[in-house]
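# predicted structure and sequence below. I'll ask about it afterward.
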Amino acid sequence: MKGKIKEFALGLGIDDVGIASAKDYKSPKSPGLESIFPGAKSLVVLAYKTLSNCESENMQIAMGGRLEEMEFTRSSNYRVARFLEKELKAKAMTVPPSYPLYMSYETKGTIGDFSLRHAAVAAGLGNFGRHNLVIHPKMGSRVIFTTIITNLDLPSDPPVLEKLCTDCNVCVESCPAGALDGEGKTDDMKCLKNSQPYGIGSAIRFWTKFAESTTEDQKKMVKDVNFWRLYQAGFIGFQYFCFNCFKSCPVGQNKS
Ligand code: B12
């Protein structure tokens, strides 16, 4: 059955597929799998190589690449889930690449309902690097994931035992925010401030200032580039302005 699932997913153009038994998914900070899908037994984890857009200094092109990837990952999620339900008579639920995720003042949108990295590790798709991202044996760090949770009783694929991170520290040195200075933990707030400069924090600051400003100053504020970028973030979603930890990693750069 695992073979059939993989064959279907790879046929869609997905770069790699791993399967994990639900009992091997261990993400201490994330909500339990049972609270999402009672009766979940396995995870089908899909891995996608990211486009070279992330190398561009032009942030519209860099982020545009991420949007293409997200569109493909979402449609792939749907198609694989439907395959599982229609052809294999399973029950299936998809986990999106990024959002929606639980947003509140307390968590600041930093904890997903399901950890795709921990799922990828459990499904034998790689292991954690110094940047706290999962490195794939062939695609390196430039890989993103989605998952389909199912009630099919499937065993886990073998884990990647070889340590893929070479501890070269390039990711740490390339982080303009110093968010990777502490080993084994990303400083989320430092990363967020730099990678999503037009996120909720900036919107709150902008609108607070706007409310307190004179009409003349308000007119100036809506002509500022800051306002136009905030406006765009409002309809495209999270808008990354940094891909450094991810694009600087030399592992697997020439393999795929
Ligand atoms: C919220 C979120 C963020 C937040 C918070 C990050 C965070 N600390 O988790 C912010 C905005 C900061 C962020 C930034 C980025 N993100 Co993000 N993010 C997510 C999201 C939606 C949820 C993550 C989550 O639940 N975290 C909370 C829990 C799981 O984390 P945790 O238990 O504290 O585990 C952390 C550490 O303890 C450590 N860790 C845990 N176990 C182990 C074991 C070892 C050996 C080591 C060394 C470390 C380690 O790693 C984790 C990272 O801090 C996921 C998608 C998803 N649903 O999973 C994408 C995701 C993790 N992001 C991703 C990416 C690519 C990015 C960015 C590169 C942004 C960009 N431009 O694309 C940066 C990278 C920052 C970095 N180097 O850590 C990818 C990672 C792909 C990969 N190859 O691993 C994901 C999986 C999205 C996807 N669909 O693929 N992200």
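Here it is on my side, so go on.
# for the stretch 151-256 of the chain, which residue gets nearest to the ligand?
Nearest residue of the stretch 151-256 of the chain to the ligand, counting by C-beta to the nearest ligand atom: residue 186, 3.3 Å away. Bear in mind the C-beta positions are built from the backbone N, C-alpha and C, glycine included.
# let me fix that, I meant to ask about the chain.
Closest to the ligand within the chain is residue 112: 2.9 Å, counting by C-beta to the nearest ligand atom.
# and the gap between that residue and residue 32?
Using C-beta to C-beta, to the nearest Å, residue 112 is found at 13 Å from residue 32.
# equivalent analysis for residue 88, please.
On the measure of C-beta to C-beta, residue 88 and residue 32 end up 25 Å apart.
# between the two, which one's more packed in?
residue 88 (14 against 9; other C-beta atoms under 10 Å).
# for residue 217, what are its contacts?
Residue 217 makes no contacts at all, as judged by C-beta atoms under 8 Å, 6 or more residues apart in numbering.
# helix or strand for it, which one?
Using DSSP states H and E, residue 217 falls within helix 215-221.
# show me the contact partners of the very next helix or strand once past that helix.
Downstream of helix 215-221, the first helix or strand assigned by DSSP H and E is helix 225-236. If you take C-beta under 8 Å, 6+ apart as the criterion, helix 225-236 is touched by 63, 67, 196, 197, 198, 199, 202, 203, 206, 221, 239.
# return the members of those residues classed as buried.
Buried by 16 or more other C-beta atoms under 10 Å: 63, 196, 197, 198, 199, 202, 206, 239, out of these.
# now do the contacts for the closest residue to residue 183 other than its chain neighbours.
For residue 183, ignoring the flanking residues on the chain, the nearest one in space by C-beta to C-beta, 6 or more residues apart in numbering is residue 130 at 7.2 Å. Residues near residue 130 by C-beta under 8 Å, 6+ apart: 165, 167, 169, 171, 172, 180, 183.
# out of those residues, which sit inside helices?
For the contacts of residue 130, membership in helices holds for 171, 172, with DSSP state H as the criterion.
# check contacts around residue 61.
Contacts of residue 61 (C-beta under 8 Å, 6+ apart): residue 53.
# and the stretch 101-250 of the chain, which residues reach the ligand?
The stretch 101-250 of the chain comes close to the ligand at residues 101, 110-112, 114-117, 128, 131-134, 141, 143-145, 184-186, 188, 191-192, 195, 240, 242-243, 245-246, as judged by C-beta under 6 Å from any ligand atom.
# show me just the buried residues among those.
Among those, those classed as buried by 16+ other C-beta under 10 Å are 111-112, 114-117, 128, 131-134, 141, 143-145, 186, 191-192, 195, 240, 242-243, 245-246.
# quick one: which of the residues you listed sit in helices?
Those of those mapping onto helices are 116, 117, 191, 192, 195, 245, 246, per DSSP H.
# for residue 153, see how far away the fifth one is.
Separation of residue 195 from residue 153 (C-beta to C-beta): 39 Å.
# give me the number of residues near residue 1?
13.
# quick one: pLDDT of it?
Listed pLDDT for residue 1 reads 92.
# so it makes contact with residue 152?
Yes: using C-beta atoms under 8 Å as the test, residue 1 is close enough to residue 152 to be in contact (6.8 Å).
# so for those two, which residues contact both of them?
Both residue 1 and residue 152 are in contact with residue 88, where contact means C-beta under 8 Å, 6+ apart.
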